[in-house]
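J.: Got a sequence here, can you build the structure:
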Amino acid sequence: MSQEWHYIAKIVSLGDSGCGKSSLTVRLCEGRFSPHHDVTIGVEFGSRIVPVGPPASQALGINDPNKAPDADQHTATAKKAAVQPQKYMKLSLWDTAGQETYKSITRSYFRGASGALLVFDITRRSTFQSATSWLQDLRQIAEENIVVVLVGNKADLAPSSTVAPAPGADGAEHPHAHQDNKRQVTREEAEEWCRQNRVMEYVETSAKSGENVERAFLEVAERIYQNIEAGRYDLNDRRSGVKSANAGGGNTARTVNLGMNDVAAANAMNRGGGCC
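T.: Residues are numbered from 1 along each chain as shown. Down below sits the predicted model:
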């Protein structure tokens, strides 16, 4: 069943192969997890309509990253939200390949994106170390103010917040190690990386359990919506990565769905620098 939306935004997922980018997209769009997923070649597509702005964003606690400076302003903001109709954004999701073989192809899909999920596997430190290179590639090709959220996936394999200690000299595990903990990157490390690289948020997810998957995408969508409200996009410019529902005329929300079979059209638009 189709649902109305007010804006559409192109979101790309990037990061090393095997981090779970495709699993995150499938979990968000189809609500399921498959333990076996073929390696992505080039790009795969999905779409999901999500609420943006109040009142939904206030329930998530991501309405205003700057926070109201005083109680009176906070109350005024809450009253405004109470009478505001809920807005919706269609996320056009571009899940890109992480293998080095396809990297030249993958980079081309960054063009025209307004948001990105930079994904690494918290049980493989090398994928976290690669995040800087992926971010540099993204910022060289995508629009200057692209919204980026860092995602540490496979949280179900890291129940402890501390890094799993290496085995002792005799090969035995540390006596206080959590037997199921495979974490190699702490939350503190990831958050510090975000501060150093001007990435606005870090979210830990599990495509397997569904933990925080929707939250990660909503963090990106909400920041894009805030930029729309602040007038930071030209909604008539395909390079901005964002379009309004009435971009082609009229003043009502649209209910047209972007299907999974629209790959050819999406590829054609991407070559022309289009957004979604």
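J.: all strands for the stretch 51-200 of the chain, in order.
T.: Assigned by DSSP state E, counting those that start in this stretch, the strands in the stretch 51-200 of the chain fall at 87-96, 115-121, 147-153.
J.: can I get those in a markdown table with mean neighbour count?
T.: For every residue, glycine as well, the C-beta is placed using N, CA and C. Below are these laid out as a markdown table (neighbours: other CB atoms under 10 Å):
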| stretch | mean neighbour count |
| --- | --- |
| strand 87-96 | 24 |
| strand 115-121 | 26 |
| strand 147-153 | 27 |
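J.: Mean pLDDT and distance to residue 193 for those strands - can I get that in JSON lines?
T.: Listed next are those as JSON lines, based on pLDDT from 0 to 100; distance: least, CB to CB, whole Å:
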{"stretch": "strand 87-96", "mean pLDDT": "94", "distance to residue 193": "21"}
{"stretch": "strand 115-121", "mean pLDDT": "97", "distance to residue 193": "10"}
{"stretch": "strand 147-153", "mean pLDDT": "98", "distance to residue 193": "7"}
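J.: can I assume residue 137 is in contact with residue 108?
T.: No: Residue 137 is beyond contact range of residue 108, at 10.7 Å (criterion: CB atoms under 8 Å).
J.: buried residues in the top helix by length along the chain?
T.: Using DSSP state H, we find that the single longest helix of the chain is helix 213-229. The neighbour-count check on helix 213-229 (16 or more other CB atoms under 10 Å) flags 213-228 as buried.
J.: Can you list the low-confidence ranges for the protein?
T.: By pLDDT under 70, the low-scoring segments of the chain are 1-2, 36-42, 63-83, 98-104, 166-179, 247-276.
J.: can you pull out the helices in it?
T.: Here the chain has its helices, by DSSP H, at 21-30, 56-60, 71-82, 103-108, 125-129, 131-141, 187-196, 213-229, 263-271.
J.: between these, which gets nearest to residue 44?
T.: Residue 44 lies closest to helix 21-30 among the helices of the chain, at 6.3 Å (CB to CB).
J.: can you redo the helices of the chain as TSV with distance to residue 235?
T.: Listed next are the helices of the chain as TSV, based on distance: least, CB to CB, whole Å:
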stretch	distance to residue 235
helix 21-30	24
helix 56-60	20
helix 71-82	23
helix 103-108	23
helix 125-129	35
helix 131-141	21
helix 187-196	28
helix 213-229	8
helix 263-271	16
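J.: For residue 89, find the nearest of those.
T.: With CB to CB, the closest approach to residue 89 among the helices of the chain belongs to helix 213-229: 5.2 Å.
J.: Give me the residues contacting that closest one.
T.: Contacts to helix 213-229, defined as CB atoms under 8 Å, 6 or more residues apart in numbering, come from residues 7, 9, 11, 24, 27-28, 48, 50, 52-53, 57, 60, 62-63, 65, 87, 89, 91, 114-117, 145, 147-149, 151, 200-201, 203, 205-207, 233, 235, 242.
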